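S.K.: For reference, the sequence and a predicted model appear below.
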Amino acid sequence: MSDARTPAQIEADIVRRRDQLAVTLDEIGIRMHPSTIIGDARARVASTVDETAGRAFVAVNRVVSDVKARFTHEDGAPRLERVVPAALVAVAVVGLLLGSSRKRKG
């Protein structure tokens, strides 16, 4: 039988496996440590918040760009035919709100 291992080979194999097991247990201990778990959770939350904030920024930026494009010419000059009616509507709405709040108080 040429497959037979010597006691020294068996002992060396046991030592190697024990060392591997110790490394594995250390890794598990680090992963399961409360500070590691909390740190991982914080990183996931921060990543989610960053991603959500990024999407919100892109959406708001798109809306602002669309509104700006509707109220200005390509050269940046205001389109008075659109700005003036929008301003009049805004003034009317503010006037109605102020008038209705004064009626409630009085």
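M.R.: Alright, I've got the coordinates.
S.K.: quick one, helices of this protein?
M.R.: 7-32, 34-71, 80-105 (DSSP state H).
S.K.: can you list the ones you listed in TSV and add mean neighbour count and mean pLDDT?
M.R.: The way it works is simple: take the backbone N, C-alpha and C, and place the C-beta from them, glycine included. Output for the helices of the chain, formatted as TSV (neighbours: other C-beta atoms under 10 Å; pLDDT from 0 to 100):
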stretch	mean neighbour count	mean pLDDT
helix 7-32	10	95
helix 34-71	10	94
helix 80-105	10	89
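S.K.: what separates stretch 19-29 from the chain centre, distance-wise?
M.R.: Average the C-alpha atoms of stretch 19-29, do the same for its chain, and the two points are 34 Å apart (C-alpha atoms, centre = their mean, to the nearest Å).
S.K.: Give me the contacts around it.
M.R.: Stretch 19-29 is contacted by no other residue when judged by C-beta atoms under 8 Å, 6 or more residues apart in numbering.
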